[in-house]
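**Q** sequence below, structure please.
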Amino acid sequence: MKILVDVMGADKPENIIIGALEAEIPASYTVVLYGDKDLIENTARSVKAKVKYEIVATDEVISNNESPTLEFRTKKNSSMRRAFEDLNKVDAAGLVSAGSTGAVLTGGTLMTGRINGIMRPTLCPVLPTLDGSCCLVADAGANVDAKPEWLVQFALMASIYYTAVYGKENPRVALLNIGAEEHKGNNLTHAVYPLLLEAGINFIGNVEAREAFSGYCDIVIADGFDGNVLVKSTEGAVAMVLKLLKNAISESFSAKMGALLMKGAFKKLKKSMDINNYGGAPLLGVKKAIVKTHGASKPGSVTESVKEIVSMFESGVIKTIDGVINGQQNG
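**A** As a prediction, this is how the structure comes out:
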């Protein structure tokens, strides 16, 4: 079974190569790296690979500067395009890419294809919570404008994924809103609230952005615009806090001494807040396991993304989503 990895779309392709090769996964899997052959071979020599791997040489790269749909269609020998083509041809568990989000959505929707009955796929990044667990945000950029029925499917798919990958039955689902009260919100949240109550999930009501990662819920449901703003604001706030803390420690000798005594606590804090420890965002609603990791991902994030593909494949997330969605329609 193969796991396909698009190397060239990242800010630092070397990180993608290293992370993929360092993933501790069952021996039955082979990692296939798509990209510049010389770069991959040279980087691989510096790594003690923990996986079997193959290389597919490509000579084009899909950038973030032009139309992602146009680039995906025209750059037929790009690492991403070739990986998506093989996803439908070879015996593949799934695909990991750190490339253009728009191009990944194009490939997932047009080439891999949506599961029958799915109105729109959803991109679901995972972020740490105050209680030491994690929270899934669905959607976080795949659908900037959304309909109530789409959000209901996002909630169903995210619940299935959370249970399958994290082992928690009946994960708590909350709707992102400007207040906890049921009457708060805009036309979209007003319309989707009663639908979520009847969706057969563990819907616990609205959640404000400031409480989204407090441990109050396991899944946050939103349209792609609000979800993306929530995720990126959180990432920015975390980076700012860590930077301010580092600056404050460096300002005086006593602060440095105190930091030395608290080194273990600070290390634990940094690890818990580092998004690279949580892998990428699964694209739910398509026929194969696809994980979109950050363009600036460090090797650790890529390693987790590869392991995420294994978890999705072995837990049968795609088949379960298919069964639930089509079972509901048939019912």
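**Q** which residue is nearest the middle of this structure?
**A** residue 281 (0.6 Å; CA atoms, centre = their mean).
**Q** angles on the backbone of it, please.
**A** Phi and psi for residue 281, reported as degrees, to the nearest 10, are phi -100, psi 120.
**Q** for residue 96, same thing?
**A** Backbone phi and psi, for residue 96 under degrees, to the nearest 10, turn out to be phi -120, psi 130.
**Q** and it, how far from residue 144?
**A** Residue 96 sits 24 Å away from residue 144, taking CB to CB, to the nearest Å as the criterion. All C-beta atoms are positioned from the backbone trio N, CA, C, and that covers glycine.
**Q** and for the residue nearest to the centre of the chain, nearest residue in space, chain neighbours not counted?
**A** With CB to CB, 6 or more residues apart in numbering as the criterion, residue 281 has its nearest non-adjacent residue at 3.8 Å, and that residue is residue 125.
**Q** wait, that neighbour sits on residue 139?
**A** No: assessed by CB atoms under 8 Å, residue 125 is found out of contact with residue 139, at 9.8 Å.
**Q** can you get me a residue count around residue 256?
**A** Counted with other CB atoms under 10 Å, residues neighbouring residue 256 total 11.
**Q** which strands and helices sit next to the helix or strand encompassing it?
**A** Using DSSP states H and E, residue 256 sits in helix 253-261. Contacts defined by 3 or more CB pairs under 8 Å, 6 or more residues apart in numbering; DSSP states H and E place helix 253-261 against helix 224-250.
**Q** buried sites along the helix it packs on?
**A** 224, 226-228, 230-231, 234, 238, 249 (16 or more other CB atoms under 10 Å).
**Q** three-state assignment of residue 290?
**A** What DSSP: H, G, I helix; E, B strand; the rest coil gives for residue 290 is strand.
**Q** give me the beta-bridge partners of it?
**A** residue 95 (DSSP bridges).
**Q** contacting residues for it?
**A** Contacts for residue 290 were tallied using CB atoms under 8 Å, 6 or more residues apart in numbering; they are 87, 94-97, 104, 107-108, 112, 282-283.
**Q** OK, contacts around the residue nearest to the centre of the chain?
**A** 123-126, 140, 291-293.
**Q** how far away is it from residue 120?
**A** On the measure of CB to CB, residue 281 and residue 120 end up 15 Å apart.
**Q** likewise residue 48?
**A** In terms of CB to CB, residue 48 sits 41 Å off from residue 120.
**Q** look at these two and report which has more neighbours.
**A** Higher neighbour count among residue 48 and residue 120: residue 120, with 19 against 7, using other CB under 10 Å.
**Q** that one contacts residue 142, doesn't it?
**A** Yes: with contact defined as CB under 8 Å, residue 120 and residue 142 form a contacting pair (6.9 Å).
**Q** okay, and the common contacts of these two?
**A** Common neighbours of residue 120 and residue 142 (CB under 8 Å, 6+ apart) do not exist.
**Q** tell me where the model's unsure across this structure.
**A** Scanning the chain for pLDDT under 70 picks out 261, 263, 265-278, 328-331.
**Q** break it into its domains for me.
**A** Following automatic domain parsing, the chain resolves into domains at 1-118+285-315, 120-278.
**Q** as a markdown table, the ones you listed with distance to residue 322 would be great.
**A** What follows is the domains of the chain, written out as a markdown table (distance: least, CB to CB, whole Å):
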| stretch | distance to residue 322 |
| --- | --- |
| domain 1-118+285-315 | 5 |
| domain 120-278 | 10 |
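**Q** which one of the contacts of residue 290 is nearest residue 5?
**A** Of all these, residue 5 sits closest to residue 96, with 4.9 Å by CB to CB.
**Q** ok, that closest one - contacts?
**A** Applying CB under 8 Å, 6+ apart to residue 96 gives the contacts 3-6, 20, 280, 290-291, 293, 302, 305-306, 309.
**Q** check residue 138 too.
**A** Going by CB under 8 Å, 6+ apart, residue 138 touches 122-124, 154-155, 157-158, 219-222, 227, 284.
**Q** kindly report the same for residue 107.
**A** Here residue 107 is in contact with 72, 80-81, 84, 290 (criterion: CB under 8 Å, 6+ apart).
**Q** same check, this time on residue 299
**A** 15, 18-19, 22.
**Q** who wins for neighbours among these?
**A** residue 19 leads those on contacts (other CB under 10 Å) with 27 neighbours.
**Q** what about it, which SS state?
**A** Criterion first, three-state DSSP; result for residue 19: helix.
**Q** just give me the closest of the contacts of residue 299 to residue 321.
**A** Using CB to CB, residue 19 comes nearest to residue 321 of the contacts of residue 299, at 26.7 Å.
**Q** just send the contacts of residue 299 back as TSV, with distance to residue 64 too.
**A** Output for these, formatted as TSV (distance: CB to CB, whole Å):
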residue	distance to residue 64
15	17
18	22
19	20
22	26
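**Q** nearest to residue 298 among those residues?
**A** Nearest to residue 298 among the contacts of residue 299 is residue 15, at 5.7 Å by CB to CB.
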